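Novice: generate coordinates for the sequence data below:
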Amino acid sequence: MKISEVPNLYLLDLENMQIIIEELKTEKGEKIYSIYQNRKYNINEEKEWTPDVDKAKKIKEEELPAEVAKYLNKLGIYVKVPKVVEKKEQQKVETKEEKKQVEKKEEQKQQQQ
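Specialist: Numbers count the residues shown, from 1 in each chain. The predicted structure follows:
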């Protein structure tokens with residue numbers, strides 16, 4: 001798997017840590033995320049590496065993409081899943097329920113004929 005571009009780089013500032021979220025695209029166009037903490041990393045005894053966050057967009061917890069919020073929660077970094085997504089999920093459920101109701105009505109009409 002090769003990374004073809006990094007369209008978005010986010011910096012999430014939580015109470016006790018800063019999280020860097022890189023949105024990456026593969027050569028096949030698939031979207032994946034790289035999530036790590038903003039801190040110094042020891043490469044070996046002599047070298048350290050600190051992520052470059054100068055170009056990162058500062059993002060609030062409420063502005064996180066829903067996918068990222070879910071991934072963070074799975075990693076034990078608890079954030080709120082945006083309400084907009086919750087509404088979309090509810091709409092999907094309503095749409096499925098509506099489809100079932102329409103199908104039942106059509107079946108009833110066919111049985112009556």
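
Novice: how about the helices in this structure?
Specialist: 66-74, 83-112 (DSSP state H).

Novice: hey, least reliable of those by pLDDT?
Specialist: Ranked by mean pLDDT, these bottom out at helix 83-112, with a mean of 66.

Novice: Glu23 contacts Ile3, correct?
Specialist: No. Look at Glu23 against Ile3 with CB atoms under 8 Å: they stay out of range, at 10.7 Å. No exception for glycine: its C-beta is placed from N, CA and C like everyone else's.

Novice: so the two - more neighbours on which side?
Specialist: Glu23 (17 against 12; other CB atoms under 10 Å).

Novice: so what's that one closest to, chain neighbours aside?
Specialist: Asn8 (4.0 Å; CB to CB, 6 or more residues apart in numbering).

Novice: repeat for Met17
Specialist: Gln37 (5.6 Å).

Novice: who does that neighbour form a beta bridge with?
Specialist: Beta bridges link Gln37 to Ile19, judged by DSSP bridges.

Novice: which strand in this protein has the most residues?
Specialist: The longest strand of the chain (DSSP state E) is strand 3-13.
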